[in-house]
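>>> turn this into a structure:
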Amino acid sequence: MEFIIKISQFLLSLSLLIVLHELGHFIPAKLFKTKVEKFYLFFDVKFSLFKKKIGDTEYGIGWLPLGGYVKIAGMIDESMDKEQMALPPQPWEFRSKPAWQRLIIMLGGVTVNFILAYFIYVALSFTYGDTDVTTDSMKDGFWIENNLLLDVGFKNGDKILAINDEKVDTYYDVRKNLVNGEKYSIVRDGENKEIVLPKDFLGQLSSAERKNGTFKLRIPFMVGSVPDSSLNKGVNLEKGDILLSINGNDLRYFDEVESRMLAYKNQSVEATFLRGEEK
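This next block holds a predicted model:
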């Protein structure tokens with residue numbers, strides 16, 4: 001049943017996009033008094049599922065869901081009807097219209113696509129909003145995993161105050177200024193510092209061995225799953241549990257786990273997790 005619903009949703013969305021695109025051709029053609037012989041959703045190869053003629057135009061639904069078309073008199077289109085072109089041009093035909101009108105008719109579908117994409121983007125922005133993280137809320141700085149950033153002087157937990165002496169307010173500001181950034185003002189363990197990047201920094205950053213992202217947001221260690229192959233199989237762990245401490249030592253972020261666990265290699269440890277509102 002779910003499969004049928006998804007197929008139906010897909011066909012409905014596809015149909016809407018096709019109809020709007022073809023209206024982009026149909027409407028200017030009508031405005032310029034150009035005869036439109038057919039307006040079809042999907043292709044009517046050999047036969048159509050539905051058709052009805054209103055005025056000079058036949059409206060219909062084809063059986064092949066690979067697109068749609070409008071058949072404009074005096075224009076070779078998806079129908080590949082070349083017989084009209086052998087006859088003298090008529091005033092109502094596409095080929096008899098001024099060049100600027102023909103251009104508008106041809107670009108109508110693409111124009112509708114751009115307009116539709118803009119409205120979809122605006123609607124999504126209003127629905128979901130535009131989220132960002134302020135640097136003030138990042139009390140424990142960034143997760144620095146990239147070897148190049150570590151080599152030039154950054155450390156895990158650094159808080160970035162400014163780039164090229166311009167204050168940064170959000171995580172987006174940090175990423176946006178990465179390309180032009182040369183001097184970083186940071187706070188580390190309550191002390192202000194400056195880090196100046198080398199001139200070939202971007203070249204090194206783009207090299208294959210210098211991956212692992214740049215400045216990452218620090219995230220808690222959360223259990224995603226406990227596979228059968230895990231040593232922790234049988235332990236009372238559930239998806240969504242958040243690690244709070246190891247052997248009584250607080251642990252807040254995922255990036256702290258690896259270095260912390262090295263000290264307990266081949267040992268069993270006592271871990272505290274948060275599940276819902278209970279530890």
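>>> where does pLDDT dip in the stretch 101-250 of the chain?
Within the stretch 101-250 of the chain, the stretches with pLDDT under 70 are 129-130, 207-212, 231, 234.
>>> got the buried residues for stretch 47-65?
Ser48, Thr57, Glu58, Gly60, Ile61, Gly62 (16 or more other C-beta atoms under 10 Å). From N, CA and C alone the C-beta is placed, and that goes for glycine too.
>>> what sits up against it?
11, 14, 35-45, 68 (C-beta atoms under 8 Å, 6 or more residues apart in numbering).
>>> same check on stretch 243-255?
140, 143, 145, 156, 216, 218-223, 257, 260-261, 264, 269-274, 279.
>>> ok, the contacts of stretch 47-65 vs Thr127, which is closest?
Proximity of those to Thr127 (C-beta to C-beta) peaks at Leu14, which lies at 22.0 Å.
>>> strands of the stretch 51-200 of the chain, start to end?
57-72, 143-144, 159-163, 166-167, 183-188, 191-196 (DSSP state E, counting those that start in this stretch).
>>> nearest to Gly240, of these?
strand 143-144 (20.9 Å).
>>> by contact count, what packs against the closest one?
strand 215-216 (3 or more C-beta pairs under 8 Å, 6 or more residues apart in numbering; DSSP states H and E).
>>> pull up the pairing partners for the strand it packs on, direction included.
strand 143-144 (antiparallel) (DSSP bridges).
>>> picking that back up, now the buried residues of stretch 47-65 as CSV including pLDDT and distance to Phe119?
Below are those laid out as CSV (pLDDT from 0 to 100; distance: C-beta to C-beta, whole Å):
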residue, pLDDT, distance to Phe119
Ser48, 92, 31
Thr57, 94, 27
Glu58, 94, 30
Gly60, 95, 28
Ile61, 95, 25
Gly62, 94, 27
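>>> distance to Ser245 added to those, as CSV?
As requested, the buried residues of stretch 47-65 are exported to CSV (distance: C-beta to C-beta, whole Å):
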residue, distance to Ser245
Ser48, 69
Thr57, 73
Glu58, 74
Gly60, 69
Ile61, 64
Gly62, 65
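>>> how about those residues, which pair is most distant?
The farthest-apart pair in the buried residues of stretch 47-65, when distances are taken by C-beta to C-beta, is Thr57 and Gly62, at 15.2 Å.
>>> tell me the domain ranges of the chain?
2-128, 135-216, 219-279 (automatic domain parsing).
>>> off-centre distance for the longest one?
Read that as domain 2-128. 28 Å (C-alpha atoms, centre = their mean, to the nearest Å).
>>> same check on the shortest one?
Per C-alpha atoms, centre = their mean, the displacement of domain 219-279 from the mean C-alpha position of its chain is 32 Å.
>>> on that earlier part again, just the buried residues of stretch 47-65 now: which is nearest Lys6?
Distances from Lys6 to the buried residues of stretch 47-65, taken by C-beta to C-beta, are shortest for Ile61, at 20.8 Å.
>>> dump the strands of the stretch 51-200 of the chain into CSV; add distance to Lys176 as well.
Below are those laid out as CSV (distance: least, C-beta to C-beta, whole Å):
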stretch, distance to Lys176
strand 57-72, 40
strand 143-144, 18
strand 159-163, 9
strand 166-167, 11
strand 183-188, 14
strand 191-196, 18
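>>> returning to that earlier point: identify, from the contacts of stretch 47-65, the entry nearest to Gln90.
Lys35 (8.1 Å).
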